[in-house]
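Asker: sequence first, predicted coordinates after that:
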Amino acid sequence: MKLSYTEQEMLETKKVCQNFDFNITQDLANKIGNSRVIFTGMGSSLIFPGKQAKNRALKFNIANRVEAYFASDLFQHTDFSDTYVFLCSNSGKTKEVILLLDYVKSRGAKCVAITAVADSILAQRSDEKILLTCGFEKGVAATKSVVEQGLVYDSLIFHLAKNQGKDVDFDKLQNALKATAEKIEHNVNLKINEELVDLLTKAKNYFMVGLDNGVAEEITLKAYEITRKMALFYPDTHIVHGVEEAIEEGCAIIFQPSVFEPYLSDFQKFSDKTNCSLIGIDDKKAIDGVVIEIDDIFSNYCLLSGGWGLLRNVGNKLGLDMDHPEKASKVGNPFEG
């Protein structure tokens with residue numbers, strides 16, 4: 001069976017990881033020093049790249065204030081002095097991002113464009129630009145671009161940490177990323193057992209439960225685009241705090257069991273009360289679900305690709321055209337002007 005563009009682009013993520021060069025942000029990190037850093041964008045250009053990089057920065061305990069916001073939220077802020085704002089848009093023409101660019105520049109920010117289009121409005125108007133090498137995707141569901149955006153931000157955090165005396169070994173990181181590339185390919189190509197695929201095909205809605213690091217939230221967005229089903233993201237254990245009152249029977253709760261091990265009994269009680277199925281995505285089997293390959297340093301990328309693999313199986317079972325949703329478009333809200 002011929003692969004959709006979306007599936008091809010999932011698999012091309014392996015090459016994106018293999019070819020990525022962590023030196024891409026070294027000079028920029030030197031300029032930033034200890035300044036405030038904000039990652040922004042809309043949809044997939046913010047959810048995974050920005051949130052997981054923010055969490056990476058917290059783990060390193062670097063001196064910089066590192067924040068991540070949807071572009072539309074940043075209009076509530078007024079002071080961007082001593083701040084580098086990273087504006088991410090694969091197309092370079094997302095309306096909220098372009099409008100924000102002028103807003104933050106006029107309030108003191110240095111603007112860095114992250115885009116795949118060199119002559120885009122975003123690239124031309126920004127103070128600095130980093131061009132993505134993955135190219136413009138044909139599938140509406142962004143995949144390989146999300147990973148490259150995430151790696152650009154990770155690279156920046158690694159260099160900022162290194163400059164501040166933290167233990168960062170770039171040779172180790174490069175080798176780890178090459179191993180991650182193989183794991184991503186494995187996870188995307190997962191053959192899910194038919195019983196699980198049928199369950200997810202018939203499920204009314206999906207509830208994605210995960211840490212607030214962008215992984216489960218990004219998989220939620222991919223579920224809309226690939227399966228056309230309603231999906232909701234719940235951070236941490238929020239789902240067991242009253243949500244059951246509004247949940248219909250026949251839904252699926254998808255999460256990483258090892259992260260929520262102290263609360264597995266609570267999730268099971270929730271499942272029993274709502275008659276919803278619990279589905280795990282993890283590197284070991286604790287409950288029904290899929291077993292994927294995960295590494296230590298780039299585990300979030302592995303989990304993300306495991307979600308793609310699962311949704312890919314469901315989309316194919318449903319017989320959907322993954323590349324062309326009926327209503328969604330590649331650039332959700334393009335700037336015109």
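Answerer: Received it, and whenever you're ready, just let me know what you need. Because the structure is a prediction, the values reported are computed rather than measured. Numbers count the residues shown, from 1 in each chain.

Asker: how about low-confidence regions in the protein?
Answerer: Applying pLDDT under 70 to the chain flags residues 327-337.

Asker: name the element the residue nearest to the spatial centre of it belongs to?
Answerer: Nearest residue to the geometric centre of the chain (C-alpha atoms, centre = their mean): Phe48, 2.4 Å. Per DSSP states H and E, Phe48 falls inside helix 47-60.

Asker: got the buried residues for that helix?
Answerer: Ile47, Phe48, Pro49, Gly50, Lys51, Gln52, Ala53, Lys54, Asn55, Arg56, Ala57, Phe60 (16 or more other C-beta atoms under 10 Å). Any C-beta I mention is one placed from the backbone N, CA and C, and that applies to glycine too.

Asker: ranges for the helices of the protein?
Answerer: Chain-ordered helices for the chain, with DSSP state H as the definition, fall at 5-19, 26-32, 47-60, 95-105, 121-125, 144-163, 170-188, 194-202, 215-227, 264-274, 299-318.

Asker: now those helices in TSV, with distance to His77?
Answerer: Converted to TSV, the helices of the chain look like this (distance: least, C-beta to C-beta, whole Å):
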stretch	distance to His77
helix 5-19	32
helix 26-32	18
helix 47-60	15
helix 95-105	8
helix 121-125	19
helix 144-163	20
helix 170-188	32
helix 194-202	40
helix 215-227	22
helix 264-274	37
helix 299-318	27
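
Asker: out of the ones you listed, which gets nearest to Ile287?
Answerer: Nearest of the helices of the chain to Ile287, taken as C-beta to C-beta: helix 264-274 at 7.6 Å.

Asker: picking that back up, quick check: which of the helices of the chain is nearest to Phe39?
Answerer: helix 47-60 (3.5 Å).

Asker: and that closest one, what does it pack against?
Answerer: With contacts defined as 3 or more C-beta pairs under 8 Å, 6 or more residues apart in numbering; DSSP states H and E, the packing partners of helix 47-60 are strand 36-41, strand 66-70, helix 144-163, helix 215-227, helix 299-318.

Asker: hmm, try it at 6 Å
Answerer: If contacts are counted by 3 or more C-beta pairs under 6 Å, 6 or more residues apart in numbering; DSSP states H and E, helix 47-60 sits against strand 66-70, helix 144-163, helix 215-227.

Asker: need the contact partners of the last one.
Answerer: Right, the one you point to is helix 215-227. 47-48, 140-141, 206, 208, 210, 231, 233, 300, 303-304, 307, 311, 314-315, 322, 325, 328 (C-beta atoms under 6 Å, 6 or more residues apart in numbering).

Asker: any idea what Leu87 is bridged to?
Answerer: Thr40, Ala113 (DSSP bridges).

Asker: what about it, neighbour count?
Answerer: 31 (other C-beta atoms under 10 Å).

Asker: and it, how far is that from Phe158?
Answerer: Plainly put, Leu87 is 21 Å away from Phe158 if you go by C-beta to C-beta, to the nearest Å.

Asker: may I see the buried residues of stretch 251-260?
Answerer: Cys251, Ala252, Ile253, Ile254, Phe255, Gln256, Pro257, Val259, Phe260.

Asker: outline the domain layout of this structure.
Answerer: The chain breaks down into these domains under automatic domain parsing: 5-168, 187-318.

Asker: closest one to Asn175 among those domains?
Answerer: Here domain 187-318 is closest among these (C-beta to C-beta), at 9.8 Å.

Asker: now that closest one: how far from the chain's centre is it?
Answerer: 15 Å (C-alpha atoms, centre = their mean, to the nearest Å).

Asker: coming back round to it: just the ones of the buried residues of stretch 251-260 in strands?
Answerer: Among the buried residues of stretch 251-260, the members found in strands (DSSP state E) are Ala252, Ile253, Ile254, Phe255.

Asker: distance to Gly92 added to these, as a markdown table?
Answerer: Shown next, in a markdown table, are those (distance: C-beta to C-beta, whole Å):
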| residue | distance to Gly92 |
| --- | --- |
| Ala252 | 36 |
| Ile253 | 37 |
| Ile254 | 33 |
| Phe255 | 35 |
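
Asker: closest to Gly165 among those residues?
Answerer: Looking across these and measuring by C-beta to C-beta, the closest to Gly165 is Phe255, at 36.6 Å.

Asker: so who does the closest residue in space to the closest one that isn't next to it in sequence touch?
Answerer: The shortest distance from Phe255 to any non-neighbouring residue, by C-beta to C-beta, 6 or more residues apart in numbering, is to Val209 (3.9 Å). Residues near Val209 by C-beta under 6 Å, 6+ apart: Tyr234, Ile239, Phe255.
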